[in-house]
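Chemist: Sharing a model that was predicted from the sequence below.
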Amino acid sequence: MKTTYRAMQVTHPGTLELVERQTPVPDAGEVLIEVEACGVCGADAADIEGADPALQPPRVPGHEVVGRIAVLGAGVPSIWKTGQRVGVGRLGGHCNECAQCRQGRFQLCQNQPFVGSTRDGGYAEMMLARHTGLVSIPDELDAEEAAPILCAGLATFNALKKSGAQAGDTVAVLGIGGLGHMALQYARRMGFKVVAVGRGHDIAEDALALGAYLYLDLEQGDAAARLQGMGAAGRARGRQGSAAHPGRPSGRRRTRCAGFDYRHALREREDAEFQRACGRASKDRGHAAGACP
């Protein structure tokens, strides 16, 4: 194994610098990963711009990581093997000791690092990770395609899963961007009747190809009224990973609305239409598991 590796570190807020570091040795419960790919997330910009200039060594961003285990630390369970393909998302691994962990709410662990923010991430050839933060990645998936699933994919999947919608229900996805295009695919394969809601006709063909049976253009007519006509029952929202639990169904037909906007670019008019279309809003209940804080 190489004694050094290359990494992109935030030397100054807003500035990435290519450096060479000494290859670290994993502590107990950790593994050393040889990185194959790391996705670029909107939260990375905040990590880079808001980095602590006094931190030494400077932080390495990136939290959509796919690679292979190079070295196992002491006490790592036998399910993880050297050479095994793994992934790491934003949540860097729960402690199994705090009150939240003891209740099985691992995504709310009080001692969990945020990869790329409170510990080094995947903008590097090598990185350390807790074994509790690992997921197994099939060899059939390309690293470049698998990496975004570890953040954007988790955020959208969890929002849909927790929305209360059942197979056959109508689910509206607002915002067909970095998260929304994944939500369309998940929703279709969950058996939902998927309506894509976006701005502009240029994305209509892609939205239909990804799984939507109908595309509503916010610039052409009252999309909210059309959704209301399909039946309204509450909403589930995911903006940068937040998920809400919808209200109880009213009537026989049900519509669930999930809004995903990768760059927080929703305009006030669209947000108002979204809320009106979904009828009754419910308060966010915290971040979905694996989502960006």
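Modeler: Cool, got the structure. Just so it is clear, the structure is predicted and the values come from calculations on it, not from any experiment.
Chemist: Pretty sure Ala183 sits against Asn158.
Modeler: No - Ala183 is beyond contact range of Asn158, at 10.7 Å (criterion: CB atoms under 8 Å). All C-beta atoms are positioned from the backbone trio N, CA, C, and that covers glycine.
Chemist: quick one: which of these two has more around it?
Modeler: Ala183 (31 against 22; other CB atoms under 10 Å).
Chemist: In space, what's closest to that one - neighbours in sequence excluded?
Modeler: Leaving aside its sequence neighbours, Ala183 sits nearest to Thr156 (CB to CB, 6 or more residues apart in numbering; 4.1 Å).
Chemist: looking just at contacts, which helices and strands does whichever helix or strand that neighbour is part of meet?
Modeler: For Thr156, the host element (DSSP states H and E) is helix 152-161. In terms of contacts (3 or more CB pairs under 8 Å, 6 or more residues apart in numbering; DSSP states H and E), helix 152-161 is packed against helix 180-189, strand 242-244, strand 255-259.
Chemist: what angle do that helix and helix 180-189 make?
Modeler: 50 degrees (axes from the mean of the first three to the mean of the last three CA atoms, to 10 degrees).
Chemist: Show me what secondary structure element comes after helix 152-161.
Modeler: Toward the C-terminus from helix 152-161 - assigned by DSSP H and E - lies strand 170-174.
Chemist: Each with direction, which strands does that following strand pair with?
Modeler: The pairing partners recorded for strand 170-174 under DSSP bridges are strand 193-198 (parallel), strand 255-259 (parallel).
Chemist: Show me what counts as buried in whichever strand or helix holds Ala46.
Modeler: Here Ala46 sits within helix 42-49, counting by DSSP H and E. Neighbour-count burial for helix 42-49 flags 42-44, 46-48 (criterion: 16 or more other CB atoms under 10 Å).
Chemist: Measure how far that helix is from the centre of its chain, please.
Modeler: 14 Å (CA atoms, centre = their mean, to the nearest Å).
Chemist: from memory Ile176 sits against Met182, does it?
Modeler: No - using CB under 8 Å, Ile176 is not in contact with Met182; the gap is 10.0 Å.
Chemist: Name all residues that make contact with Asp120.
Modeler: 7, 59-60, 127-128 (CB atoms under 8 Å, 6 or more residues apart in numbering).
Chemist: what does Leu208 give?
Modeler: 196, 215.
Chemist: So it versus Arg21, what's the distance?
Modeler: Computed with CB to CB, to the nearest Å, the distance linking Leu208 and Arg21 is 47 Å.
Chemist: If you average pLDDT over each of the strands paired with strand 170-174, which is lowest?
Modeler: Among these, strand 255-259 carries the lowest mean pLDDT, at a mean of 53.
Chemist: how many neighbours does Gly164 have?
Modeler: 18.
Chemist: any chance of the buried residues of helix 42-49 in JSON lines, plus distance to Gly164?
Modeler: Output for the buried residues of helix 42-49, formatted as JSON lines (distance: CB to CB, whole Å):
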{"residue": "Gly42", "distance to Gly164": "27"}
{"residue": "Ala43", "distance to Gly164": "27"}
{"residue": "Asp44", "distance to Gly164": "31"}
{"residue": "Ala46", "distance to Gly164": "31"}
{"residue": "Asp47", "distance to Gly164": "33"}
{"residue": "Ile48", "distance to Gly164": "36"}
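Chemist: between those residues, which is nearest Ala146?
Modeler: Nearest to Ala146 among the buried residues of helix 42-49 is Asp44, at 17.4 Å by CB to CB.
Chemist: Name all residues that make contact with the closest one.
Modeler: 61-63, 116.
Chemist: can we see that at 10 Å?
Modeler: 10, 16, 38, 61-64, 116-117, 121-123, 151, 292 (CB atoms under 10 Å, 6 or more residues apart in numbering).
Chemist: Now which of the residues you listed would you call buried?
Modeler: For the contacts of Asp44, buried by 16+ other CB under 10 Å: 10, 16, 38, 61-64, 116-117, 121-123, 151, 292.
Chemist: can the residues you listed go into JSON lines with extra columns for pLDDT, secondary structure and distance to Gly89?
Modeler: Listed next are the buried ones among the contacts of Asp44 as JSON lines, based on pLDDT from 0 to 100; DSSP: H, G, I helix; E, B strand; the rest coil; distance: CB to CB, whole Å:
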{"residue": "Val10", "pLDDT": "95", "secondary structure": "strand", "distance to Gly89": "20"}
{"residue": "Leu16", "pLDDT": "95", "secondary structure": "strand", "distance to Gly89": "21"}
{"residue": "Cys38", "pLDDT": "97", "secondary structure": "strand", "distance to Gly89": "11"}
{"residue": "Pro61", "pLDDT": "96", "secondary structure": "coil", "distance to Gly89": "14"}
{"residue": "Gly62", "pLDDT": "97", "secondary structure": "coil", "distance to Gly89": "11"}
{"residue": "His63", "pLDDT": "96", "secondary structure": "coil", "distance to Gly89": "6"}
{"residue": "Glu64", "pLDDT": "96", "secondary structure": "coil", "distance to Gly89": "7"}
{"residue": "Gly116", "pLDDT": "95", "secondary structure": "coil", "distance to Gly89": "10"}
{"residue": "Ser117", "pLDDT": "93", "secondary structure": "coil", "distance to Gly89": "12"}
{"residue": "Gly121", "pLDDT": "96", "secondary structure": "coil", "distance to Gly89": "10"}
{"residue": "Gly122", "pLDDT": "97", "secondary structure": "coil", "distance to Gly89": "10"}
{"residue": "Tyr123", "pLDDT": "98", "secondary structure": "coil", "distance to Gly89": "15"}
{"residue": "Cys151", "pLDDT": "93", "secondary structure": "coil", "distance to Gly89": "5"}
{"residue": "Cys292", "pLDDT": "56", "secondary structure": "coil", "distance to Gly89": "9"}
